[in-house]
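Enquirer: mind looking at a prediction? Sequence and model below.
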Amino acid sequence: MSVLLVDIGNSRIKWARLDGARLGQGRAAVHSGWRPGDYARRLFASPRGLARVVVASVAGRAVDQALAAAARQARVPARFLRVPRRAGGVTVGYLEPWRLGVDRFAAIVGAHELLKAVPVCVVGVGTAMTIDLVDADGRHRGGVIVPAPSLMIAALLESTHGIRRRAQGGAPGRPGLFGRSTRDAIQRGSRYAAAALVDRAVEEASALLGREPLVVLAGGEAAVVGPLLRSRRVGVPDLVLRGLAVLSRDTARARRR
């Protein structure tokens, strides 16, 4: 029997099957406008052998209800992950664990499992950019949340008439921080700002831990921020699904005891 792992963000959904210890090939799509039938067709087209579905969702109640309805139609039990104080080798550092995004928690678990005994800054670059520090013992030391580059740009264009008008069109210039058009300048500024914050987080974390953490990058915009970092880094695109795999296996072991 296998487990379907699902990561639902604000705009995109990723899913993969877990067969024993093996995580299958992941798939992804934009889920905007999906109804229960869309989830049923895309995620549960072949429900045979599925023991359950484990979901990390930050997309809101309507999306969760649509996915739950599709799971019921396929007769597959669905579990929507909640953030505990401790699980998957990680201890949550928030004063109230439920306030930590479930996707961030799963990503932290995935990074800690992948890089045991190594302190990490887990950076998710999606609609928002999040940075979470986890020490070598799996203790979550807290986090940072800012708009990701695309959201920075959208906010700037929506709030400024002059910049919005001048940003329509314009050719890109040479590589580097300084753009040669308004459009180029706001795009580069947002990306460099995100990268600079990650590097500052690593600097602060190094002083706190006495050891430089490794940056673990995930999310749809990780590819545009990663090359601008000065810190040591590794990209793990399916980090949330990896964390869900760890949590699903731990739950299964607990049930067998």
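Expert: Arrived safely, thanks for sending. Residues are numbered from 1 along each chain as shown.
Enquirer: when you work out contacts or count neighbours from here on, use the C-alpha atoms and nothing else.
Expert: OK.
Enquirer: quick one: the strands in this structure, in order.
Expert: Along the chain, counting by DSSP state E, strands occupy 2-8, 12-19, 22-23, 27-30, 50-57, 78-80, 86-87, 90-91, 120-125, 128-134, 140-147, 214-218, 233-235.
Enquirer: can I get the ones you listed in TSV including mean pLDDT, mean neighbour count and distance to Arg165?
Expert: Output for the strands of the chain, formatted as TSV (pLDDT from 0 to 100; neighbours: other Cα atoms under 10 Å; distance: least, Cα to Cα, whole Å):
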stretch	mean pLDDT	mean neighbour count	distance to Arg165
strand 2-8	96	24	34
strand 12-19	94	20	29
strand 22-23	90	14	47
strand 27-30	94	13	29
strand 50-57	95	21	36
strand 78-80	95	16	44
strand 86-87	96	15	49
strand 90-91	97	22	47
strand 120-125	97	27	27
strand 128-134	97	23	25
strand 140-147	97	16	22
strand 214-218	98	24	33
strand 233-235	97	15	36
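Enquirer: including distance to Arg183, could these go into CSV?
Expert: Listed next are the strands of the chain as CSV, based on distance: least, Cα to Cα, whole Å:
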stretch, distance to Arg183
strand 2-8, 30
strand 12-19, 25
strand 22-23, 40
strand 27-30, 25
strand 50-57, 33
strand 78-80, 40
strand 86-87, 44
strand 90-91, 42
strand 120-125, 21
strand 128-134, 21
strand 140-147, 18
strand 214-218, 25
strand 233-235, 27
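Enquirer: quick check: which of those strands is nearest to Asp184?
Expert: strand 140-147 (18.4 Å; Cα to Cα).
Enquirer: against which helices or strands is the closest one packed?
Expert: Counting contacts by 3 or more Cα pairs under 8 Å, 6 or more residues apart in numbering; DSSP states H and E, strand 140-147 packs against strand 128-134.
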